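> Sequence below, structure please.
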Amino acid sequence: LPAPVDIVSNTIVGPTLGQDSLQKSLYAGLFGLGAVALYMLIIYKFRGFAALISLIIYLLFSFSLLKLLGATLTLPGIAGFILTIGMAVDANVIIFERIKEQLKKDDDLSLAIKLGFKRGIKTILDANITTLLAAGILFWLGTGSIRGFAITLSLGILVSMFSAIMLTRYFIDFRK
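Purely as a prediction, here's the structure:
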């Protein structure tokens, strides 16, 4: 059945809108990273500093892997990346809180660090594995930018688990 088409409105969106959104996203990410860094340093002192060094290495690893894979960082990809920065910090907070709990029971710092990491890893793995499953489903069922978000999220989670568990532990043990 032929149907008439009447143009009601015509709008042109230029490339500056995308550039503006990209720039605002990057500023938001940098502002969030700065706020997290300040929080970690104030609350956790040296352990927070160790977590920040691990976070910087996490950022370098993640960007390197994205470059190696030839991935283009779109707005959903940036959102996934910022989300994984939060998850990397969250993993450190979980571990540090377990260390603080153990130090309230016992003064032995070495034992507190050992038990803090041992007890924290279970929670971190649980949270990250469920998020990886969700990212896998997004990749499987999604298209285009949703797949990009899922890839960035998955890659970020894997690198953040390494940085939070291995690198932070190394830096904390290095001080002893």
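> Enumerate every residue touching the closest residue to residue 163 other than its chain neighbours.
Nearest residue to residue 163, sequence neighbours excluded (Cβ to Cβ, 6 or more residues apart in numbering): residue 58, at 3.9 Å. To be clear about C-beta, it is placed using only N, CA and C from the backbone, and glycine gets the same treatment. For residue 58, the contact set (Cβ atoms under 8 Å, 6 or more residues apart in numbering) comprises 85, 88, 159-160, 162-164, 167.
> PyMOL command for the buried members of these?
Of those, the buried ones can be selected in PyMOL as follows, counting by 16 or more other Cβ atoms under 10 Å:
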select buried, resi 85+88+159+160+163+164+167
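> For the contacts of residue 58, could you give me JSON lines that also reports pLDDT?
Listed next are the contacts of residue 58 as JSON lines, based on pLDDT from 0 to 100:
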{"residue": "85", "pLDDT": "83"}
{"residue": "88", "pLDDT": "84"}
{"residue": "159", "pLDDT": "90"}
{"residue": "160", "pLDDT": "87"}
{"residue": "162", "pLDDT": "87"}
{"residue": "163", "pLDDT": "87"}
{"residue": "164", "pLDDT": "83"}
{"residue": "167", "pLDDT": "85"}
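> Tell me the first helix or strand C-terminal of the helix ranked longest in the chain.
With secondary structure taken from DSSP state H, the chain has its longest helix at helix 15-69. Where DSSP states H and E defines the elements, the next helix or strand beyond helix 15-69 is helix 75-105.
> Who are the packing partners of the helix or strand that that following helix is followed by?
Downstream of helix 75-105, the next assigned helix or strand under DSSP H and E is helix 109-141. Helices and strands touching helix 109-141, as assessed by 3 or more Cβ pairs under 8 Å, 6 or more residues apart in numbering; DSSP states H and E, comprise helix 75-105, helix 145-162, helix 168-175.
> could you give the mean pLDDT of helix 109-141?
Helix 109-141 comes out with an average pLDDT of 90.
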